[in-house]
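Novice: Sequence and predicted structure, then a few things I'm wondering about:
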Amino acid sequence: MCACYFRAQGENFDADAFLSESPWNNSALISRKGEAKSRGSHPRAYSSLTVIVADDDHATVAQQVAACRSFIKENEQELARLQNYPDVQARWFSLAYYLPIGEVYAIGPYFETDFLSDLLSVGAEFEFNVFCSSVE
């Protein structure tokens, strides 16, 4: 589990070739088209690369947004290269919030214009996920 990651994917995206010349080469996770998603599931319809942006499951939404903004600033050239790389169909940041055990309440984060502008500058979208924690 991680709180926040960046992912790029495409049906014919060659993630291995992209990463061969990337500073993310040793840190990105690759999923290849045709591989099983998990045991007994259908094969992947796309290839992707995933880079962990914030690995603290307890990071607040504000901390994850700050981590995304830092990642964009530090990787501006690589994100631009990816934006123009052949067969990349989607690029996004995934942010997650884990509800504390036993808590059920509404989450209404506010995403500032600067964060949204940073995403647009590198052609990325974002998703925000809320997960219930297990009592196990």
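Specialist: Yep, that arrived. The structure displayed is predicted, hence computed values, not measured ones.
Novice: Buried residues in stretch 110-117, which are they?
Specialist: Phe115 (16 or more other C-beta atoms under 10 Å). For glycine as for every other residue, the C-beta is placed from the backbone atoms N, C-alpha and C.
Novice: Now tell me what touches it from outside.
Specialist: Outside of stretch 110-117, the residues that reach it under the criterion C-beta atoms under 8 Å, 6 or more residues apart in numbering are 65, 68-69, 126.
Novice: just how off-centre is stretch 45-60 within its chain?
Specialist: Here the centre of stretch 45-60 is set off from its chain's centre by 4 Å, with C-alpha atoms, centre = their mean, to the nearest Å.
Novice: Next: stretch 35-51.
Specialist: Distance of stretch 35-51 from its chain centroid, counting by C-alpha atoms, centre = their mean, is 15 Å.
Novice: coming back round to it: which of the contacts of stretch 110-117 fall in helices?
Specialist: The helices in this structure, assigned by DSSP state H, contain 65, 68-69 from the contacts of stretch 110-117.
Novice: Which residue, neighbours along the chain excluded, lies closest to Arg128?
Specialist: For the record, residue 128 is Phe, not Arg. Beyond its immediate neighbours in the sequence, the residue positioned closest to Phe128 (C-beta to C-beta, 6 or more residues apart in numbering) is Leu95, lying 5.1 Å away.
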